[in-house]
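Peer 1: Have a look; sequence and predicted model below, questions after that.
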Amino acid sequence: MIQDAWRKVRGRGESPAGEETGDMRPENLVWVFGTARTGSSWLSAIMGEIGGYSRWHEPLVGHLFGNLYYERAGHRSEDEHFILGDRYKELWLSTVRRFVLDSAAARFPEVAGKGGRYLIIKEPQGSIGAPLLMEALPESRIILLVRDPRDVVASNLDAHKKGTWTADLMRKGGKEKPPSLAESRPDAFVKGQARRYVRDVGNAKKAYDAHRGLKVLVKYEDLRADTLGTMKHIYSALEIPMEEAELARSVEKHSWENVPEEEKGEGKFHRKAKPGGWREDLTPEQAEIVEGVAGSLLRELYPVRSTA
Amino acid sequence: MTPRLKRAWRRAVRRSKALRSRARRSSRGVRPENIVWIFGTGRSGSTWLGSMMEGLDGYAMWNEPLVGNLFGNFYYFRVGGRKLGKHSILGEPYKETWLGPMRDLVLGGAAARFPEVSGGGYLVIKEPNGSIGSPLLMEALPESRMIFLIRDPRDVVASSMDARSEGSFLQERRDGQRRTSRPDRNPNAYARLRANSYVQQIEKTRQAYRAHGGRKVMVRYEDLRADTLGTMRRIYSGLEITVHEADLARSVEEHSWENVPEEEKGEGKFHRKAKPGGWREDLTPKQAEIVEDITAPLLDEFYPNTATTRDAL
């Protein structure tokens, strides 16, 4: 079935715009960047629920290219032999573009070739590669979703303890979760997560700042305080249509209050959804570690907040 | 769409068209069947082998593009242990959609970098540190040719430890990166780490080699050292590439160990000792045991007649 869909996509030939990408229109892609545990599942679920929208759940294409480019082979960017070397950037960015558009068209034929349909790409864990993706697909739209780094780290600390939802997720992938630093050396885990926040949100912000197309910065805290109002702001800034009643229905359906009580709490995917909850979750030393590592982003994104 | 966006859109389309056109031209450039991959693992003589091949007329060498590392690392190690399902960009059910761009990335990159071998020359891609992705690359480029280069894991680990020690060529090359090298801090832990990466790289290379239906040859570093010209002839014969004997002999001579200036050889240098079995002088018995334990099945398979440290006890 998939091969048939792929042949169909390839068989369509070039679009009027000259793309050979199964008619997936890059301007109909909406990227959600940030980092894990910022409410991206919630936000993308609200958007994906609305007619005309599909949701691509963590393709990790940003991780694929960004991890090698920025981290593992970061020292080779000026080496012209390196496959992602800067001298040939335009050439390999065209492959990145094709990777995304072809893959999106094959997976979401209902969006490909149709005006007025949008694909929400939830990619918080691929945010390291956000600058590359947005350079390759400048017509697409960005939502930069941020959350207080102390709450993000507190949420991750909970998620990586023994017997939590992350272990279930790994088990589904056929692997057992190895012992985590979250249990054995929580302060070291906190430091690692804070660094990850800086890497992911830092690169997502770089992409956001450089992007000349449609974009919007959303704070998780605002989304929690006034979900419908913040969602309307998102659609307005991205210049994409929505029907207000349908949006309100989707917001209601995915509200915290509608998550069954037995699916909420410590160790669960839906934990507490409480901005500022880090004060109850982190020790003062751990909060200081996060503020030390992510201080620059914290001050920039949350200038009026108090520190530990 | 606003006028500003329309302009951005048109610019992007023009850029995309130009790039695609370039990539199309490029993919007509280097013939995939004229690509010769060298897979295996680092510190196994791949630079030496690649240089001897590059020394012939009509050859170029692409030195460690890491394209195999790019895809293989993601595909085989996954991310956070997740299954590569429908949504993953390298999801198994959609392999056809990403093998094509992967092929284009190699062919387009090759043509842009090595126009001198477009239309008939050979491109040797030295990719030992991208061997983790060799099964995917050979699947994307089944017409290309493959050399599986292997070396005794104990010598590989000994060489890697030297290369990553304080003040070595690799440390100097990565000036500005982490300066405290792992072998200096904990040599046994480093030996374990490097032996494990040897197993990963060689197992993936073996997987690619077995699956490859095209022209291929397996070479042991030790044979290349013992009889370089004879082994090089066997490589060209295995790959079904015609080579002039005199040219080959000249290139072999030019790149021989004896022709490397003395001041460029020795501990901490890229050209270290080129001595099969030298691990006996370099590794402690404990380190040798660590490597032998981790690589035991590969040692048995590729070096069945070599004594181990335990045998000697």
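Peer 2: Structure received. Numbering: from 1, shown residues only, chains lettered A, B, ... in the order given.

Peer 1: which stretches of chain A have low pLDDT?
Peer 2: Flagging of chain A using pLDDT under 70 yields the residue ranges A:1-22, A:114, A:305-308.

Peer 1: Repeat the analysis, applying 80 as the threshold.
Peer 2: In the predicted model of chain A, residues A:1-22, A:113-116, A:161, A:163, A:165-177, A:261-269, A:271-273, A:304-308 satisfy pLDDT under 80.

Peer 1: how about the residue sitting nearest the centre point of it, what does it touch?
Peer 2: For chain A, the residue nearest the mean C-alpha position is residue A:124 (2.1 Å; CA atoms, centre = their mean). Residues in contact with residue A:124 (CB atoms under 8 Å, 6 or more residues apart in numbering or on different chains) are A:32, A:33, A:34, A:35, A:36, A:38, A:40, A:58, A:145, A:200. C-beta here means a position set from N, CA and C on the backbone, and glycine is covered the same way.

Peer 1: Report how many residues lie close to the fifth one.
Peer 2: Burial of residue A:36, expressed as a neighbour count using other CB atoms under 10 Å in any protein chain shown, amounts to 19.

Peer 1: contacting residues for it?
Peer 2: Taking CB under 8 Å, 6+ apart, one finds A:124, A:125, A:152, A:156, A:200 in contact with residue A:36.

Peer 1: which SS state does it fall under?
Peer 2: coil (DSSP: H, G, I helix; E, B strand; the rest coil).

Peer 1: Please enumerate the strands of the stretch 51-200 of chain A.
Peer 2: A:53-57, A:118-122, A:141-146 (DSSP state E, counting those that start in this stretch).

Peer 1: Quick one: closest of the ones you listed to chain B.
Peer 2: strand A:53-57 (4.6 Å; CB to the nearest CB).

Peer 1: What residues of the closest one count as buried?
Peer 2: Residues of strand A:53-57 classed as buried: A:53, A:54, A:55, A:56, A:57 (neighbour count, 16 or more other CB atoms under 10 Å in any protein chain shown).

Peer 1: Note down every partner strand of that strand and its orientation.
Peer 2: strand A:118-122 (parallel) (DSSP bridges).

Peer 1: chain center to the partner strand: distance?
Peer 2: Strand A:118-122 has its C-alpha centroid displaced from the chain centroid by 10 Å (CA atoms, centre = their mean, to the nearest Å).

Peer 1: what number of residues lie near residue 127?
Peer 2: If you meant another chain, say so; for now it's chain A. Using other CB under 10 Å, residue A:127 has 33 neighbouring residues.

Peer 1: hmm, I had chain B in mind actually
Peer 2: Count around residue B:127 with other CB under 10 Å applied: 27.

Peer 1: For it, give its distance to chain A.
Peer 2: 10 Å (CB to the nearest CB, to the nearest Å).

Peer 1: Not counting sequence-adjacent ones, nearest residue to that residue?
Peer 2: Take residue B:127 and drop its neighbours on the chain: the residue closest to it by CB to CB, 6 or more residues apart in numbering or on different chains is residue B:68, 5.3 Å away.

Peer 1: surely that neighbour meets residue B:136?
Peer 2: Yes: here residue B:68 reaches residue B:136: they are 7.4 Å apart, a contact under CB atoms under 8 Å.

Peer 1: These two: who's more crowded?
Peer 2: Using other CB under 10 Å, the more surrounded residue of residue B:68 and residue B:136 is residue B:68, with 30 against 24.

Peer 1: residues contacting the closest residue to residue B:103 other than its chain neighbours?
Peer 2: Nearest residue to residue B:103 in three dimensions, chain neighbours excluded: residue B:140, at 4.3 Å (CB to CB, 6+ apart). Residues in contact with residue B:140 (CB under 8 Å, 6+ apart) are B:99, B:100, B:102, B:103, B:106.

Peer 1: try 6 Å this time
Peer 2: Residues near residue B:140 by CB atoms under 6 Å, 6 or more residues apart in numbering or on different chains: B:99, B:102, B:103.

Peer 1: Next, the last one: phi, psi?
Peer 2: The main-chain torsion angles of residue B:103 are listed as degrees, to the nearest 10 and equal phi -60, psi -40.

Peer 1: Enumerate the residues of the stretch 101-250 of chain A near chain B.
Peer 2: Proximity of the stretch 101-250 of chain A to chain B (CB under 6 Å from any CB of the partner chain) is limited to residues A:102, A:103, A:106, A:138, A:139, A:170, A:173, A:175.

Peer 1: need those in CSV with neighbour count and distance to residue B:237, can you?
Peer 2: Shown next, in CSV, are these (neighbours: other CB atoms under 10 Å in any protein chain shown; distance: CB to CB, whole Å):
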residue, neighbour count, distance to residue B:237
A:102, 24, 40
A:103, 25, 41
A:106, 25, 42
A:138, 20, 51
A:139, 23, 52
A:170, 18, 48
A:173, 15, 45
A:175, 15, 44
